[in-house]
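Trainee: Sharing a model prediction with you, sequence too.
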Amino acid sequence: MFLQKTTSGKKQKYVSWLVREGFRTDKGPRSRTVCNVTGLPEPALEVLRLALQGKHLVPLEELALEGAFDYGGLAVLREAWQRFGLERLFEQVPSLRQRSLLQALVFARLLFPCSKLALAEQARGTLLASACGLDPRKETFDEDDLYAAMDALNGRWVTLEKCLYAKAFKAPLRVVLYDLTSVYFEGKGPVGLARFGHSRDHRSDRRQVVLAVATNSEGVPVHVEVLKGNRGDATTFKGLLATLQRRFGIEEAVFTFDSGVNSKVNLAAIEAEKLQYVTRLSKAQLSSLLKKLPEDGQPELFDSTQVIEVVHGGVRYVIAGGEMRRHRDRERREARLAQGEAALERLAAVPRKRVDAQKLASQAGRLLQRLLAHKYFEYYVDESGTLRWSRKEAVLAEEARLDGWYLLQTNLAPEEGSKDDVLSHYRQLMEVESAFRELKDYLEVRPVYHRRVDRVRNHIRICFIAYWISARLSNEWKAKGQTRRVVDLLRALQTIRIGSLRLDGKPLARLLTEVPPELNQTLGRLDLLSLFSKPPAWTNL
């Protein structure tokens, strides 16, 4: 049966509502009127129409939406975890619950990075437990349980890293990008590992560790090594090279790294293994090279968009630049000059009963060195005990001439890689460096509060797995035209929730909240809309 609206009359229109039913005859389907319900009010007609369509109608007062849990970002991560084949990543960990807790720690790094103690609070109101195969009614994310799960990684990381490598790279790597960063501690950190050193976080007042990270050309991480905080950059590479060869069988690749890692020992080690490299040299080395070139071989450094190739002393160099780098170099120099002069003025203004000229000059030198401005100034203490200084105009002019330019060195033969290929390798490294700096921020790798060496390493390893997933998703999404940061989109998707609809206190159905229009378009572009069509079985609350 169905409800039908009919109209009659020519001058004045009359509306009738009829309940009709269909039936079959020898001449085909027919329908007949069962009753006339025109006198019913409009709300009653709507109820009748829905009832005739087979809809279940209940009093609105008896309906309640309970337990709306954050779902969207977790749904995407769970789908990626399965699609990337990570369900067996922790299979060597004996406890099923510990395997699920490790997965939860990885997901939490991407969605709501926090301490182990705070995870229980952060996970409240989300489907984190369900997404990782844990019982949401019983799971407490107890801090001691989380630490025990992390401890289960001890002695198993090499196998895990090999598994990640096999999942990400189906063919041998041809380009390896090598980067270093540092992570500082609150407090003293673990004895033997936490040391004072060059801080890339500008926290020289904190003990730290150094992270050595190797990635492919698209930024997908291959290997991470946690080193002592005072480890020199140039001393880190030979160990990494041996690990990559032994653990992953990388025999033929172009290694790209920055000037801090560059040393004769490292370059010799690479060439001894018959590998190729691209590395950036310092501004001083660029200036020195230009002075060594003959007058008729001097490159014209006026167009920073050009790429210049130079061979000198049997070594191949590529000189490149850019406007953004030019502005950055000029602003950095001007800032250091201003800071240096302000510091010298403050030092000179300090009242002294008796001036020790040597001590005062030494103080000025150390001050300028800390500000990275020492090379820009000449300074001395005159006969009256006054600190005097002046700018080294020749040094400033030479540095300004090289603003925006940088020097690359490579052992790639021209037939193995053009000058543009060499530049492309280095630019890939710069992109990965930038991405890794952002990653340290949004995964909140720092600061580290752990006091045991193994737990520091395992904390970094959890972050490494999260980084691996983020990089894989980023590359997939970029290919589909999505440039938004992975974590930003995942966290925005968490606003899509799943709730339990109850009727008179009894479970009736599970419902997804409406997907915002802007996110709906993004999900469509990324082929993820199917995750939001209906609540999946794993979200059963």
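Mentor: Noted; the coordinates are in hand. Residues are numbered from 1 along each chain as shown.
Trainee: hey, which helix or strand in the chain has the poorest pLDDT?
Mentor: In the chain, the helix or strand scored least confidently by mean pLDDT, DSSP states H and E is strand 63-70, which has a mean of 74.
Trainee: Just the residues contacting the helix or strand just after it, thanks.
Mentor: Per DSSP states H and E, the first helix or strand lying C-terminal to strand 63-70 is helix 72-83. Helix 72-83 has contacts (Cβ atoms under 8 Å, 6 or more residues apart in numbering) with 87, 103, 107, 110-111, 126-128, 131, 469, 472-473, 490-497, 519, 528, 531-532, 536, 538. Placement of C-beta: from N, CA and C, glycine included.
Trainee: Mind checking which of those are buried?
Mentor: 103, 107, 110-111, 126-128, 131, 469, 472-473, 490-494, 496-497, 519, 528, 531-532, 536 (16 or more other Cβ atoms under 10 Å).
Trainee: Where helices are concerned, which of the residues you listed count?
Mentor: 103, 107, 110-111, 128, 131, 469, 472-473, 490-493, 519 (DSSP state H).
Trainee: can you list those residues in CSV and add distance to Ala509 and pLDDT?
Mentor: Shown next, in CSV, are these (distance: Cβ to Cβ, whole Å; pLDDT from 0 to 100):
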residue, distance to Ala509, pLDDT
Gln103, 28, 97
Phe107, 26, 96
Leu110, 30, 93
Leu111, 26, 94
Leu128, 23, 95
Ala131, 21, 95
Ile469, 32, 95
Arg472, 35, 95
Leu473, 31, 96
Leu490, 27, 95
Arg491, 27, 94
Ala492, 26, 94
Leu493, 22, 95
Leu519, 23, 92
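Trainee: Switch those residues over to a markdown table; also include distance to His459.
Mentor: Output for those, formatted as a markdown table (distance: Cβ to Cβ, whole Å):
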| residue | distance to His459 |
| --- | --- |
| Gln103 | 16 |
| Phe107 | 15 |
| Leu110 | 15 |
| Leu111 | 17 |
| Leu128 | 18 |
| Ala131 | 21 |
| Ile469 | 17 |
| Arg472 | 21 |
| Leu473 | 22 |
| Leu490 | 20 |
| Arg491 | 21 |
| Ala492 | 26 |
| Leu493 | 26 |
| Leu519 | 32 |
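Trainee: what about Tyr406, is that helix, strand or coil?
Mentor: strand (DSSP: H, G, I helix; E, B strand; the rest coil).
Trainee: my guess is it contacts Arg280, does it?
Mentor: Yes - Tyr406 lies in contact with Arg280 (Cβ atoms under 8 Å); the separation is 5.8 Å.
Trainee: circling back to that earlier point, nearest to Gly481 among the ones in helices among the buried ones among the contacts of helix 72-83?
Mentor: Closest approach to Gly481 among these (Cβ to Cβ): Leu473, at 14.1 Å.
Trainee: residues in contact with the helix or strand where Leu146 lies?
Mentor: Following DSSP H and E, one finds Leu146 within helix 143-151. Applying Cβ under 8 Å, 6+ apart, the contact partners of helix 143-151 are 93, 95, 97-99, 101-102, 105, 116-117, 119-120, 454-455, 458-459, 462.
Trainee: How about stretch 9-16?
Mentor: 5-8, 36, 38.
Trainee: Which two among these are spaced furthest apart?
Mentor: Between any two of the contacts of stretch 9-16 (Cβ to Cβ), the greatest distance is 14.0 Å, for Thr7 and Asn36.
Trainee: Who has more neighbours out of the two?
Mentor: Asn36 (12 against 8; other Cβ atoms under 10 Å).
Trainee: rewinding a little: of all the contacts of stretch 9-16, which comes closest to Thr215?
Mentor: Distances from Thr215 to the contacts of stretch 9-16, taken by Cβ to Cβ, are shortest for Lys5, at 66.2 Å.
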